[in-house]
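# this is the structure alone, sequence omitted:
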């Protein structure tokens, strides 16, 4: 753990938003990165913890097994204790700290201890969850007012402090927080004080998350519907005519992959692009890196080839990783892309080609078929007899390219530029998701991804875990490896790209639906 620099005590109360980590404010992210201690809640998305600085102490203060891990007074004391110890503390709270977040109570404790603090507002669930459900809180011609109300008053209150008559007689939208347990009482009170039984109602659970659920009805029947469907907290309740706009304005939960949990097995530092594509279409992305890309055991072969780049006529790149490690070593040798001035370049596909662009290189050849056989085929139209070709490769690369080009008369040098290694274990929660059938699709982008997963969990267990799960594989080689391991392949895009894989998944689940 890096040594902590001396700082004055300070507490940031940060609104984490309703669930989607993208809704946290820029200031909220900044404050998380400044904190020595992060105390976070049940409703704060764990993904936000990645913005904490390395070495920061992370303390969970939410619920365990449905029960509070710490009572509010204990959280207040913890904030004071950590701040007085000379720490900068980030208190990460779901929604907004000052909207049913008990942030005011925490601030009072800090004031009593003479500890300075800063409030970083967040998107409260009454705004975020309703927007993601396609329900505007106000709408011209329908209503011009909105009220946020607790649906769970303290047990110490003998008489309700909620103005039921005021809420019931107006036409405004009413949003109840934490009211699922008391839903029968809430609806009964509204109707008893004059709100029409046919008034539309919507319940939004896990709003703004891929797990979002929406249940609609009326004041007269929503409680019964919630009971029949097993609708549970955490959720908000929206009452008002604006709920009728949902079917016209819904945008979040009608995306083609919404509600689908998709396992991404790419390396951790490369999963983001694919995950973003899937997430934008509504999928819940479960990152499960089964490979890690690392440097070779020795750089001698690659460095030797780089030292004599002027001897090569061609260089072939078949992956983004090959580009990355080759140019890292080129830079380490004190050179740059000008050293390739006498060398023509072949890139296996558009992603590899795009990886070359920052180095000012535009490939001379890109095969139609984005695999080793395609590379060999495209060189048949080139005069390469007697030509020297450099092929920086991964340690598990097939011999198709060096053998095929050698048969065409070329002299091929194929140094290992990177290795695919298997992680010791899978991320926590992945096996549980698989065991409890919470994964709809498993994606494999190379043979290594599926081979390593089988090695980690066992081949027979892998077949059992993926029973009933859609298996998607990029390219015939990866698909063949899946089948060799006893897996059925349901999705195999015609092009070997992540974009094509994403399109194929949309098509598959659309047809399945």
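Here it is on my side, so go on. Keep in mind that this is a model prediction, so the values were computed, not measured.

# quick one: residue 209 and residue 19 touch, right?
Yes. With contact defined as C-beta atoms under 8 Å, residue 209 reaches residue 19; the gap is 4.1 Å. Any C-beta I mention is one placed from the backbone N, CA and C, and that applies to glycine too.

# residues shared between the contacts of those two?
Common neighbours of residue 209 and residue 19, counting by C-beta atoms under 8 Å, 6 or more residues apart in numbering, are residue 45.

# of those two, who's got more company?
residue 19 (26 against 17; other C-beta atoms under 10 Å).

# may I have the secondary structure class of that one?
Classification of residue 19 using DSSP: H, G, I helix; E, B strand; the rest coil returns coil.

# any idea how far residue 253 is from it?
From residue 19 across to residue 253, the span is 13 Å (C-beta to C-beta, to the nearest Å).

# got it, and residue 173?
Applying C-beta to C-beta, the value for residue 173 to residue 253 is 20 Å.

# and for residue 203?
For residue 203, the distance to residue 253 - C-beta to C-beta - is 13 Å.

# who has more neighbours, those two?
Between residue 203 and residue 253, counting by other C-beta under 10 Å, residue 203 is the more crowded of the two (28 against 18).

# that one reaches residue 236, doesn't it?
Yes. Taking C-beta under 8 Å as the definition, residue 203 is a contact partner of residue 236 at 7.4 Å.

# shared neighbours of residue 203 and residue 253, anything?
Shared contacts of residue 203 and residue 253 (C-beta under 8 Å, 6+ apart): residue 214.

# residue 335 contacts residue 306, doesn't it?
Yes. In this structure residue 335 lies within contact range of residue 306 using C-beta under 8 Å: 7.2 Å.

# okay, these two: which has more neighbours?
Set residue 335 next to residue 306 and count neighbours by other C-beta under 10 Å: residue 306 wins out with 21 against 15.

# check which helices and strands the regular element (helix or strand) spanning that one sits against.
Using DSSP states H and E, residue 306 sits in helix 300-307. The contact analysis (3 or more C-beta pairs under 8 Å, 6 or more residues apart in numbering; DSSP states H and E) places helix 300-307 against helix 320-332, strand 416-421.

# now do 10 Å
In terms of contacts (3 or more C-beta pairs under 10 Å, 6 or more residues apart in numbering; DSSP states H and E), helix 300-307 is packed against helix 320-332, strand 388-390, strand 411-413, strand 416-421.

# which residues touch it?
Applying C-beta atoms under 10 Å, 6 or more residues apart in numbering, the contact partners of helix 300-307 are 295-296, 299, 311-312, 315, 325-330, 332-333, 335, 339, 388, 390-393, 413-418.

# for the residue nearest to residue 17 when sequence neighbours are not counted, grab phi and psi.
Nearest non-adjacent residue to residue 17, counting by C-beta to C-beta, 6 or more residues apart in numbering: residue 23, 3.6 Å away. Per-residue torsions, residue 23: phi -90, psi 0 (degrees, to the nearest 10).

# equivalent analysis for residue 105, please.
Dihedral angles for residue 105 - degrees, to the nearest 10 - are phi -70, psi -40.

# show the contacting residues for the closest residue to residue 311 other than its chain neighbours.
Once flanking residues are discounted, residue 311 sits nearest to residue 388: 5.8 Å by C-beta to C-beta, 6+ apart. Residues in contact with residue 388 (C-beta under 10 Å, 6+ apart) are 305, 308, 311, 312, 313, 314, 315, 343, 410, 411, 412, 413.
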